[in-house]
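*Asks:* I'll drop the sequence and a predicted model, then ask my questions.
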Amino acid sequence: MDSRSTSVITGTRRRRRAALTAGAATVAASLLAAGFTTGAADAATPKSTATGAQPLTLSASVRAELLREAGAGTVSTATSLGLGGKEKLIVRDVVKDADGATHTRYERTYAGLPVLGGDLVVHTSASGAADGVTKATDARIAVSDTRASLAPSDARRTALSAAKSSAGAKAGTERAPRKVIWAATGKPVLAYETVVRGVRKDGTPSRTHIVTDADTGAGLYSYEAIETGTGTGQHNGKVPVGTVKSGSQWLMKDTARGGHMTYNLKHKEEGKGSKFLDPDNVWGNGKPTIAQTAAVDVHYGAAMTWDYYKKVLHRNGIRNNGKAAYSRVHFSDAYVNAFWDDECFCMTYGDGQDNKNPLTSLDVAGHEMSHGLTSATANLEYSGESGGLNEATSDIFGTAVEFYAKNAKDPGDYLIGEKIDINGDGTPLRYMDKPSKDGYSYDYWKRGVGDDDPHFTSGIANHFYYLLAEGSGRKVIGGVTYDSPTKDGRTVKGIGRAKAEQIWYKALTSYMTSTTTYAKARTATLKAAKALYGANSTEYKAVDNAWGGVNVT
């Protein structure tokens, strides 16, 4: 699927209210009491510690060569897969494992038209032998004619009408319709994809992708592309801040982490914003009274997420190409949300109610940046069950970043958004051990669950992840009490966070596609566990048992 943006940390609270979830020049300097600079050595890719089926950390040149080789072989690959003469493959990404196996992700075109829901991953063993393919659809891609009965203007009117009638969205300017093949559901058909821009009721920018049948005008699919998820920060306390000397001042730019920069929107809603500069390299005061404080939290959160990706997942940034996204703080006025936008390749944060509680905590930063990770890999559609998996992936890695950072002001836990007090009563936004404790999320899978908001349906995968990592039943972890049930009362024994994280990442990057459902996520994680630990391993059996615990069998 063509996904240009990714998600708000909160979404629409359908049952109660709208809320945040239901989404160099490098200089050598001493570590200062309130800041640090980054050195050239920090920017070097360390020797990978990946083993077996774990993905390798690839340098930009190695990744580029793998992409080039894959691109040169698309014709032969298409032929080996038995694709039709009008179909072509376009390389999106290549993942190489430590054992030499590769997983090449492709998009498809048909008669020159993009095929939405036609993505696939080709698996190759270390010896170069074919090792299977994972497809978003098994349907044969073919239509009788690529000449549409309806004009683009008809598709535009239909899309604008649909956007205006959707809950909470105010339609504005739109991108002209493009002709595509819709293959994500049912029989492939000729269609138009129209992008309608606007603003939702809570102030979040809206970019709705609407797919309509190019012959009948019938609505086929729609999704919202904007997915809302030392200095002294409000949430993280005194932390290191990546900076670089700029003239007589210091610029908030992290040259050791792909050049990540944080900008000040000054309560505007458009543009990149202003650079953060400081004369003494001491940033923030721990209070929302100055603009730098939120920037410290965000800049630090992005750094911790980058480091987690690199040191734990062996990934060189969001797109695995060593280049950072950027962050924007102080979006709009009293905006109670945060979001990732793939179009600008950036994370954006509001200041919360009364502009006093910015949504800039560690797990929120990790959540939003991880939407970019999903977009760059499996590109899970932000609708249906795949939408829930998209949100859960951000919660899973946002949680992993929080544990990884070991920040005394915000220690790791299985609570989402516990520092931002979005509910106004000190309770977290979401709970991974028993998601239904928030009053909205699902503990277990059931038929039709994909019709609800991805922020609520994410509970199923969040619950699976908690069970896989920690197991069922009552326990105290890091001073927090958890009590995780299972659908059928079974006992699940956890395998630890580290292994659970590796399994989910491996599944996301090698075995999930844009249309992955919960049943297919089970298959993907079992494949990942088999590749990493073996088909008869304790880890493989734990994955199977944990999915059973959330009623995915």
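*Replies:* Done, it's in. Remember, it's a predicted structure, so these values are computed and weren't measured experimentally.
*Asks:* and Thr232, what are its bridge partners?
*Replies:* Lys238 (DSSP bridges).
*Asks:* Counting neighbours, what do you get for it?
*Replies:* Using other C-beta atoms under 10 Å, Thr232 is surrounded by 21 other residues. For glycine as for every other residue, the C-beta is placed from the backbone atoms N, C-alpha and C.
*Asks:* How about Lys530?
*Replies:* Counted with other C-beta under 10 Å, Lys530 comes out at 18.
*Asks:* what about the nearest residue to it once chain neighbours are set aside, which SS state?
*Replies:* Spatially, and ignoring its direct neighbours in sequence, Lys530 is nearest to Tyr540 (5.7 Å; C-beta to C-beta, 6 or more residues apart in numbering). Secondary structure for Tyr540, judged by DSSP: H, G, I helix; E, B strand; the rest coil, is helix.
*Asks:* Helices along the stretch 151-300 of the chain, start to end?
*Replies:* 152-165, 291-311 (DSSP state H, counting those that start in this stretch).
*Asks:* Buried ones in the first one, by neighbour count?
*Replies:* It stands for helix 152-165. 154-156, 158-160, 162-163 (16 or more other C-beta atoms under 10 Å).
*Asks:* possible to save those as JSON lines with pLDDT?
*Replies:* JSON lines is the format used below for the buried residues of helix 152-165 (pLDDT from 0 to 100):
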{"residue": "Asp154", "pLDDT": "89"}
{"residue": "Ala155", "pLDDT": "90"}
{"residue": "Arg156", "pLDDT": "90"}
{"residue": "Thr158", "pLDDT": "84"}
{"residue": "Ala159", "pLDDT": "85"}
{"residue": "Leu160", "pLDDT": "85"}
{"residue": "Ala162", "pLDDT": "78"}
{"residue": "Ala163", "pLDDT": "75"}
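*Asks:* which among those gets closest to Ser222?
*Replies:* Closest to Ser222 out of those is Ala162 (6.6 Å), distances taken as C-beta to C-beta.
*Asks:* Verify the contact between the closest one and Tyr223 for me.
*Replies:* No - using C-beta atoms under 8 Å, Ala162 is not in contact with Tyr223, being 12.0 Å away.
*Asks:* any common contacting residues for the two?
*Replies:* Thr208 (C-beta atoms under 8 Å, 6 or more residues apart in numbering).
*Asks:* By mean pLDDT, point me to the weakest helix or strand of the chain.
*Replies:* Ranked by mean pLDDT, DSSP states H and E, the helix or strand of the chain with the weakest confidence is strand 36-37, at a mean of 30.
*Asks:* Give me the phi and psi angles of the residue lying closest to Ile290 once chain neighbours are set aside.
*Replies:* Among residues not flanking Ile290 along the chain, Gly284 sits closest, at 6.8 Å (C-beta to C-beta, 6+ apart). Dihedral pair for Gly284: phi 70, psi 160, per degrees, to the nearest 10.
*Asks:* hmm, back to that, correct me, but the residue nearest to Lys530 touches Ala531?
*Replies:* No - Tyr540 lies out of contact with Ala531 (C-beta under 8 Å); the separation is 9.8 Å.
*Asks:* ok so, going back, please report how far the residue nearest to Lys530 lies from His103.
*Replies:* Separation of Tyr540 from His103 (C-beta to C-beta, to the nearest Å): 19 Å.
*Asks:* Report how many residues lie close to the residue nearest to Ile290.
*Replies:* Neighbourhood size, Gly284 [other C-beta under 10 Å]: 30.
*Asks:* Return the distance of it relative to Tyr300.
*Replies:* Computed as C-beta to C-beta, the Gly284 to Tyr300 distance reads 10 Å.
*Asks:* what sits in contact with each of those two?
*Replies:* 231, 233.
*Asks:* CA-only coordinates of whatever helix or strand Val94 lives in in PDB, if you can.
*Replies:* Taking DSSP states H and E as the definition, Val94 sits inside strand 87-96. Taking C-alpha atoms only, strand 87-96 is exported to PDB below (Å, rounded to 0.1, in the frame of the first residue of the first chain):
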ATOM      1  CA  GLU A  87       3.400  -7.000 -14.100                       C
ATOM      2  CA  LYS A  88       6.700  -5.500 -13.000                       C
ATOM      3  CA  LEU A  89       8.500  -5.500  -9.700                       C
ATOM      4  CA  ILE A  90      10.000  -2.500  -7.900                       C
ATOM      5  CA  VAL A  91      12.500  -3.000  -5.100                       C
ATOM      6  CA  ARG A  92      11.600  -1.300  -1.800                       C
ATOM      7  CA  ASP A  93      14.000  -2.800   0.600                       C
ATOM      8  CA  VAL A  94      16.500  -5.600   1.200                       C
ATOM      9  CA  VAL A  95      17.200  -7.200   4.600                       C
ATOM     10  CA  LYS A  96      20.300  -9.400   5.000                       C
END
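*Asks:* how distant is that strand from the center of its chain?
*Replies:* Distance, stretch centre to chain centre, for strand 87-96: 20 Å (C-alpha atoms, centre = their mean, to the nearest Å).
*Asks:* Direction included, what does that strand pair up with?
*Replies:* Partners of strand 87-96 in the sheet, by DSSP bridges, are strand 102-110 (antiparallel).
*Asks:* average pLDDT for the partner strand?
*Replies:* Average pLDDT, strand 102-110: 98.
*Asks:* And the strands in the stretch 101-250 of the chain, which stretches?
*Replies:* 102-110, 113-116, 120-124, 130-135, 169-182, 189-200, 205-213, 219-224, 231-233, 237-239, 242-246, 249-251 (DSSP state E, counting those that start in this stretch).
*Asks:* What is the burial count for Ala151?
*Replies:* 12.
*Asks:* Quick check: it vs Ala163, distance?
*Replies:* The gap separating Ala151 from Ala163 is 19 Å, by C-beta to C-beta.
*Asks:* if we can go back for a sec, show me what counts as buried in the strand holding Val94.
*Replies:* Within strand 87-96, the residues that qualify as buried are 87-89, 91-96, counting by 16+ other C-beta under 10 Å.
*Asks:* about what we covered before: got JSON lines for the buried residues of helix 152-165, with distance to Asn462 too?
*Replies:* As requested, these are exported to JSON lines (distance: C-beta to C-beta, whole Å):
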{"residue": "Asp154", "distance to Asn462": "41"}
{"residue": "Ala155", "distance to Asn462": "37"}
{"residue": "Arg156", "distance to Asn462": "38"}
{"residue": "Thr158", "distance to Asn462": "36"}
{"residue": "Ala159", "distance to Asn462": "33"}
{"residue": "Leu160", "distance to Asn462": "35"}
{"residue": "Ala162", "distance to Asn462": "31"}
{"residue": "Ala163", "distance to Asn462": "30"}
